[in-house]
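1. Output the structure for:
(one chain, ligands or ions: 2)
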Amino acid sequence: MMYQIKDRILAGERLTEKDAIELFRSDDIFSLGRFASAAAEKKNSKNAYFIINRHINPTNICVNKCKFCAFSRSKGEDGAFELTIDEVIEKLQPPTPSQPYTEVHIVGGLHPDWPFEYYLDMLSAIKRSFPSISIKAFTAVEIDYMSRISGLGIEETLIALKEKGLDLMPGGGAEIFAEGVRDKLCPEKITGERWLKVMEIAHGVGIRTNATMLYGHIEGIRERVNHLLKLRDLQDRTEGFQAFIPLPYHPKNTEIGGFYSSGIDDLKTTAVSRIVLDNFDHIKAYWVMLGKKVSQVALSFGADDIDGTIVEEKITHSAGAMSGEGITKNELIHIIKKAGMIPAERDAFYNIIRRY
Ligand code: V47
Ligand code: SF4
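-> Numbers count the residues shown, from 1 in each chain. Ligands and ions are numbered 1, 2, ... in the order given. Sure, this is the predicted structure:
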């Protein structure tokens, strides 16, 4: 079984759908780790990247009701919040003057009444107050929503945001592209095809983005593989994706419930992603969702990035995250070193600022 594809993996040959399914079915976790590590090392040598960043969610009020989401609220519901632009700016003040944020990651709910101008003004205000912070903001789902509220096309929406300071886009909202599962998970959300289209247009106007996959809920191996192959196809055409981030489903306070993903599945999904997505430069082991310990081990299963300082995280924590909320730069360096990798502090575009 897996050994029949081993030579092809090691030769860097592209895997087929059938190969990818076989890798997911295999329990030979050690071989998967070895193959994925070799693939990661070819692309990034022994570097494991991290960034000094902060997450901000401007609102959790959302017109959608995704069944895996414990973060969103309706307007007026208990726990609903909305940040003003001043509050967003306040959150970006560096905790210590010697360590300003390199990047801010901004995602939120689809607010029923905020006008497009709120988002434009937020970007302008951030750039005015903190010109050196890169802004990674708004999922493809939010961009599609903004295009609907502004009456602009996707391309015009993206260009308007870029002019005000949008540098990159995060990879959220991808969930699982396959229709049957997506209809059950998030019937109101844009389709997988639409998500891919928005990303294609973003890449076309020079906005680099990430991509994600939410796994460990009701999907099967076939849907995971289908998801990865769709991303690989688009990346072949645009080369606009920077990193892929597999996101393990968290079940607390959600409509679909169920279980946390297992550690073995987390490592396997990281490794198979690294091997199948041969045209992605980076695979991120997001410590907030994997937990600090599993994300560290994932650095030996094909991941080359562990994300960053984050500071405040609401999406996973609403759904029962077991990791802490923040992490210091020194702790990130410690985790990476103890994994036998080289801690590489990066900017938003994966330029290395300093190695430790
Ligand atoms: O799109 C929602 C997911 C995503 C749950 O691009 C859940 O650098 C697990 O996309 N259990 C947002 N996941 C997070 C995200 C992300 C995170 C870090 C870095 C980047 C990046 C992107 O969180 C959503 C959704 O797929 N999510 N609910 C849940 N219960
Ligand atoms: Fe809204 Fe996003 Fe939660 Fe879906 S996942 S309900 S779109 S905040």
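
2. buried stuff in stretch 330-349?
-> For stretch 330-349, burial by neighbour count (16 or more other CB atoms under 10 Å) applies to 332-336, 339, 341-346, 348. C-betas here are computed from N, CA, C, even on glycine.

3. Please list the members of the residues you listed that lie in helices.
-> 332-336 (DSSP state H).

4. For ligand 1, state which of those is nearest.
-> The closest of those to ligand 1 turns out to be L332 (CB to the nearest ligand atom; 14.6 Å).

5. Find the nearest non-adjacent residue to the closest one, please.
-> Distances taken as CB to CB, 6 or more residues apart in numbering put F50 closest to L332, at 4.5 Å, once the chain neighbours are dropped.

6. sec struct for the one you found, please.
-> Three-state call for F50 (DSSP: H, G, I helix; E, B strand; the rest coil): strand.

7. tell me which residues of the least confident helix or strand in the chain by mean pLDDT are tucked away?
-> Here the helix or strand of the chain ranked lowest by mean pLDDT, DSSP states H and E is helix 2-10, holding a mean of 81. For helix 2-10, a neighbour-count test (16+ other CB under 10 Å) marks 2, 5, 9 as buried.

8. who touches stretch 184-202?
-> 63-69, 140-141, 143-144, 154-155, 158, 169, 173-179, 182, 209, 211, 214, 217-218, 227, 230, 234, 237-238, 240-241, 256 (CB atoms under 8 Å, 6 or more residues apart in numbering).

9. returning to what we had before: need the buried residues of stretch 330-349 in a markdown table (columns: pLDDT and distance to H282).
-> Formatted as a markdown table, the buried residues of stretch 330-349 follow (pLDDT from 0 to 100; distance: CB to CB, whole Å):
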| residue | pLDDT | distance to H282 |
| --- | --- | --- |
| L332 | 98 | 16 |
| I333 | 98 | 18 |
| H334 | 98 | 21 |
| I335 | 98 | 17 |
| I336 | 98 | 14 |
| A339 | 98 | 16 |
| M341 | 98 | 13 |
| I342 | 98 | 15 |
| P343 | 98 | 15 |
| A344 | 98 | 11 |
| E345 | 98 | 15 |
| R346 | 98 | 9 |
| A348 | 98 | 12 |
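
10. where in this structure is pLDDT low?
-> Per-residue confidence for the chain (pLDDT under 70) gives these ranges: 1.

11. can we see that at 50?
-> Residue ranges of the chain with pLDDT under 50: none are present.

12. need the strands for it, in chain order.
-> 47-51, 53-56, 103-106, 134-137, 168-169, 208-215, 241-248, 282-283, 305-308, 342-346, 352-355 (DSSP state E).

13. Output the ones you listed in a markdown table, with distance to G192 appended to each entry.
-> As requested, the strands of the chain are exported to a markdown table (distance: least, CB to CB, whole Å):
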| stretch | distance to G192 |
| --- | --- |
| strand 47-51 | 28 |
| strand 53-56 | 25 |
| strand 103-106 | 22 |
| strand 134-137 | 22 |
| strand 168-169 | 16 |
| strand 208-215 | 11 |
| strand 241-248 | 15 |
| strand 282-283 | 20 |
| strand 305-308 | 24 |
| strand 342-346 | 29 |
| strand 352-355 | 34 |
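
14. Most tightly packed of these?
-> strand 305-308 (a mean of 26; mean count of other CB atoms under 10 Å).

15. so who does whichever residue of the stretch 151-300 of the chain sits closest to ligand 1 touch?
-> Using CB to the nearest ligand atom, the closest approach of the stretch 151-300 of the chain to ligand 1 is made by G172 at 2.7 Å. The contact partners of G172, by CB under 8 Å, 6+ apart, come to 107, 139, 141, 212.

16. Repeat the analysis, applying 6 Å as the threshold.
-> By CB atoms under 6 Å, 6 or more residues apart in numbering, the residues touching G172 are 107, 139, 212.

17. Same question for G326.
-> G326 touches 310-311, counting by CB under 6 Å, 6+ apart.

18. same thing with F138?
-> Applying CB under 6 Å, 6+ apart to F138 gives no contacts.

19. For the remainder of this discussion, apply numbering that starts at 685.
-> In the new numbering, first residue 685, that becomes F822.

20. now it: how far from ligand 2?
-> Between F822 and ligand 2 the computed distance is 11 Å (CB to the nearest ligand atom, to the nearest Å).
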